[in-house]
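**Q** please work out how this folds:
(chains A, B, C and D)
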Protein chains: 2
Amino acid sequence: MSRPENAQPERRLTPRGAATRARIVAAAVELMYMKGVNATTLDDVRAASNTSKSQLYNHFPDKEELVRAVVAARAAQVLERERGNLERLKSFRGLVRWRDALVQRNALQNGAYGCALGSLASELADQDDRARATLAESFVEWEGLLAAGLRRMRDDGVLKPDADPDKLATSLMAALQGGYLLAETARDIKPMEIALDMALDHVRSFLTA
Amino acid sequence: MSRPENAQPERRLTPRGAATRARIVAAAVELMYMKGVNATTLDDVRAASNTSKSQLYNHFPDKEELVRAVVAARAAQVLERERGNLERLKSFRGLVRWRDALVQRNALQNGAYGCALGSLASELADQDDRARATLAESFVEWEGLLAAGLRRMRDDGVLKPDADPDKLATSLMAALQGGYLLAETARDIKPMEIALDMALDHVRSFLTA
DNA sequence: GCCGTTCTGGACTATATCGTCCATAAAAGT
DNA sequence: ACTTTTATGGACGATATAGTCCAGAACGGC
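**A** Residues are numbered from 1 along each chain as shown, chains lettered A, B, ... in the order given. You can find the predicted model right below:
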């Protein structure tokens, strides 16, 4: 109650504390991506982050809150990257480059682990409603980046006037997520490429030239 | 070694034993769909199936094997259903009916839990390679049902000769899976409809008439 | 009906995992 | 410099969970 003007930081953090917290979250993000949320124990996180039990519980009241921090961190990270890839999108070639970057990145691990956001969503959506809500917002924002680019293309006359940027963005995102899942399961990038190429073809059908 | 001609049944099962085993698997299938595999405990399964610890371990050496049985059972179930929906597919309208059935079913739970196979795949693909392989085969078979229908359409002149049934099937499956995931996360069927409609539009672009 | 096999109930063990606690160290505020 | 707050290490406790075991009931083959 002493600092009513700022609800966010429950407590003051020294630089050292902030660094520890960041190390914990970074380790948890990585572990939960590779092993899954439920299969990652706090002891795994403690070991990987070179911290101790008291540090974990100093920063997070329980595992659920750590998971939420992981979701928030991962979402911020993915959106940051995608902002870089999409904020200047204004041509079909740009969309192809976007596709290529995602495929290439996923090819490095042969599709393993899937989409950093998608796998969290699949595991958490029916288990933690707050995490689900954050993930839902993140997908909306991600689609929003696509939609904004598509809208620019439409307004520039690259896409026909009847192209619906929002629906196209959702379609692209679904193809991407479905592609990730099939690639992860098959341990083969191919289905992801096919899925994205179909979605791109659909966008292409709205091209003016 | 006494029954080298049949590797499958490790042991004889009485009708009662078979019924118990089926009850265990059915309960586990349901629980793991709703709560996730790792979040489902053997005690949950025991209680839901009205069995005891010894019954669980009489039929499955460990949890991992139960999970594999769950994967196999769910895959068989989904493929059975999809066989019914797709084996007579031979028109675009049939494809639309297929889409509608899936959307309607998923709408009943507002998208919750996602695809019965997809959510298992997401959780298990990087955790149990045998489960992953089974799921990968199941997706291939599911796509195969779609591909067979699309091939019939092409051979009947409904689709143009340059339509690629396999690629179209993979695209449809990716759109379906991505749609499931977005719907599950948003708790809203809409993105699934949009994703499938785009994929159908893509098929439509190969229509002759 | 008898005998061996399968099936069942449930107590029991071992361990993994979450979470608590406290003494001490480090840092910040004044 | 001194006090207060924040950070740390790690022992400890409580519980959840996987897995074992065995005595006895039910069942199938003959």
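
**Q** list the buried residues of stretch A:83-90.
**A** Of the residues in stretch A:83-90, those buried by neighbour count under the rule 16 or more other Cβ atoms under 10 Å in any protein chain shown are A:Asn85, A:Leu86, A:Leu89, A:Lys90. C-betas here are computed from N, CA, C, even on glycine.

**Q** among the residues you listed, which are in strands?
**A** Secondary structure assignment (DSSP state E) places none of those within strands.

**Q** show me which of those is closest to B:Asn110.
**A** Minimum separation from B:Asn110 among the buried residues of stretch A:83-90 (Cβ to Cβ) is found for A:Leu86, which lies at 29.5 Å.

**Q** what residues are up against the closest residue to the closest one other than its chain neighbours?
**A** Among residues not flanking A:Leu86 along the chain, A:Leu145 sits closest, at 4.2 Å (Cβ to Cβ, 6 or more residues apart in numbering or on different chains). Under the criterion of Cβ atoms under 8 Å, 6 or more residues apart in numbering or on different chains, the contact list for A:Leu145 reads A:Leu79, A:Glu82, A:Arg83, A:Leu86, A:Glu87, A:Leu89.

**Q** check A:Leu120 too.
**A** Taking Cβ under 8 Å, 6+ apart as the definition, contacts of A:Leu120 comprise A:Met32, A:Tyr33, A:Val37, A:Val70, A:Val71, A:Arg74, A:Ala131, A:Leu135.

**Q** what's the answer for A:Ala48, then?
**A** Contacts here follow Cβ under 8 Å, 6+ apart; on that basis A:Ala48 touches A:Ala27, A:Glu30, A:Leu31.

**Q** out of those, which is nearest to DNA strand C?
**A** Within those, the smallest distance to DNA strand C is 10.9 Å, found for A:Leu31 (Cβ to the nearest atom of the strand).

**Q** what does the stretch of helix or strand the closest one belongs to rub up against?
**A** Per DSSP states H and E: A:Leu31 is located in helix A:15-35. Counting by Cβ under 8 Å, 6+ apart, the neighbours of helix A:15-35 from elsewhere in the structure are A:13, A:40, A:44-45, A:48-51, A:55-56, A:58-60, A:66-67, A:69-70, A:73-74, A:77, A:113, A:116, A:119-120, B:126-127.

**Q** apply 7 Å and report the result again.
**A** Contact partners of helix A:15-35, identified using Cβ atoms under 7 Å, 6 or more residues apart in numbering or on different chains, comprise A:13, A:40, A:44-45, A:48-51, A:55-56, A:59, A:66, A:69-70, A:73-74, A:113, A:116, A:119, B:126.

**Q** do stretch A:94-103 as well
**A** Contact with stretch A:94-103 is made by A:Asn85, A:Leu86, A:Leu89, A:Leu176, A:Ile189, A:Met192, A:Glu193, A:Leu196, A:Leu200, A:Val203, as judged by Cβ under 7 Å, 6+ apart.

**Q** tell me which two of those sit farthest apart.
**A** Put simply, by Cβ to Cβ the two of the contacts of stretch A:94-103 set farthest apart are A:Leu89 and A:Ile189, 22.6 Å from each other.

**Q** DNA strand D contacts on chain A?
**A** Neighbours of DNA strand D within chain A, by Cβ under 7 Å from any atom of the strand: A:11-14, A:16-20, A:51-55, A:57-58.

**Q** filter these down to the buried ones.
**A** Buried, going by 16+ other Cβ under 10 Å: A:Thr20, A:Thr51, A:Gln55, A:Asn58, out of those.

**Q** so which of those comes closest to DNA strand D?
**A** A:Thr20 (3.4 Å).

**Q** low-scoring stretches of chain A, by residue?
**A** By pLDDT under 70, the low-scoring segments of chain A are A:1-11.

**Q** repeat that with 50
**A** Within chain A, the set of residues satisfying pLDDT under 50 comprises A:1-9.

**Q** which residues touch the residue nearest the centre of chain A?
**A** Taking Cα atoms, centre = their mean, the centroid of chain A lies closest to A:Leu117, which sits 3.7 Å from it. By Cβ under 7 Å, 6+ apart, the residues touching A:Leu117 are A:Arg74, A:Ala75, A:Val78, A:Leu135, A:Ser138.

**Q** cutoff 6 Å now
**A** Residues in contact with A:Leu117 (Cβ atoms under 6 Å, 6 or more residues apart in numbering or on different chains) are A:Val78.

**Q** that one sits in which helix or strand?
**A** When elements are assigned from DSSP H and E, A:Leu117 belongs to helix A:116-124.

**Q** residues of the next helix or strand after that helix that come out buried?
**A** Counting by DSSP H and E, the next helix or strand C-terminal to helix A:116-124 is helix A:129-155. Using 16+ other Cβ under 10 Å as the test for burial, helix A:129-155 gives A:131-132, A:134-136, A:138-140, A:142-154.

**Q** got it, and stretch A:87-100?
**A** Here stretch A:87-100 shows A:Leu89, A:Lys90, A:Phe92, A:Gly94, A:Leu95, A:Trp98, A:Arg99 as buried, counting by 16+ other Cβ under 10 Å.

**Q** about what we covered before: the helix holding A:Leu31 and DNA strand C in contact?
**A** Yes - Helix A:15-35 comes into contact with DNA strand C (Cβ under 7 Å from any atom of the strand), by way of A:Pro15, A:Arg16.

**Q** go through stretch A:114-124 and flag the buried ones.
**A** With burial defined by 16+ other Cβ under 10 Å, the residues of stretch A:114-124 counted as buried are A:Gly114, A:Cys115, A:Ala116, A:Leu117, A:Gly118, A:Ser119, A:Leu120, A:Ala121, A:Ser122, A:Glu123, A:Leu124.

**Q** pull that stretch out as CSV, backbone CA atoms only.
**A** Once side chains and other backbone atoms are set aside, the C-alpha atoms of stretch A:114-124 remain, and they are given as CSV (Å, rounded to 0.1, in the frame of the first residue of the first chain):
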residue,chain,number,x,y,z
GLY,A,114,7.6,-26.6,-32.7
CYS,A,115,6.6,-23.0,-32.3
ALA,A,116,7.8,-21.4,-29.1
LEU,A,117,4.3,-19.9,-28.5
GLY,A,118,2.3,-22.7,-30.0
SER,A,119,3.6,-25.4,-27.8
LEU,A,120,3.1,-23.3,-24.7
ALA,A,121,-0.5,-22.6,-25.9
SER,A,122,-1.2,-26.2,-26.5
GLU,A,123,0.0,-27.2,-23.1
LEU,A,124,-1.4,-24.3,-21.0
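
**Q** so can I have TSV of the buried residues of stretch A:87-100 showing secondary structure and distance to B:Lys160?
**A** Supplementary listing: the buried residues of stretch A:87-100 in TSV, determined by DSSP: H, G, I helix; E, B strand; the rest coil; distance: Cβ to Cβ, whole Å:
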residue	secondary structure	distance to B:Lys160
A:Leu89	coil	31
A:Lys90	coil	32
A:Phe92	helix	23
A:Gly94	helix	30
A:Leu95	helix	25
A:Trp98	helix	29
A:Arg99	helix	25
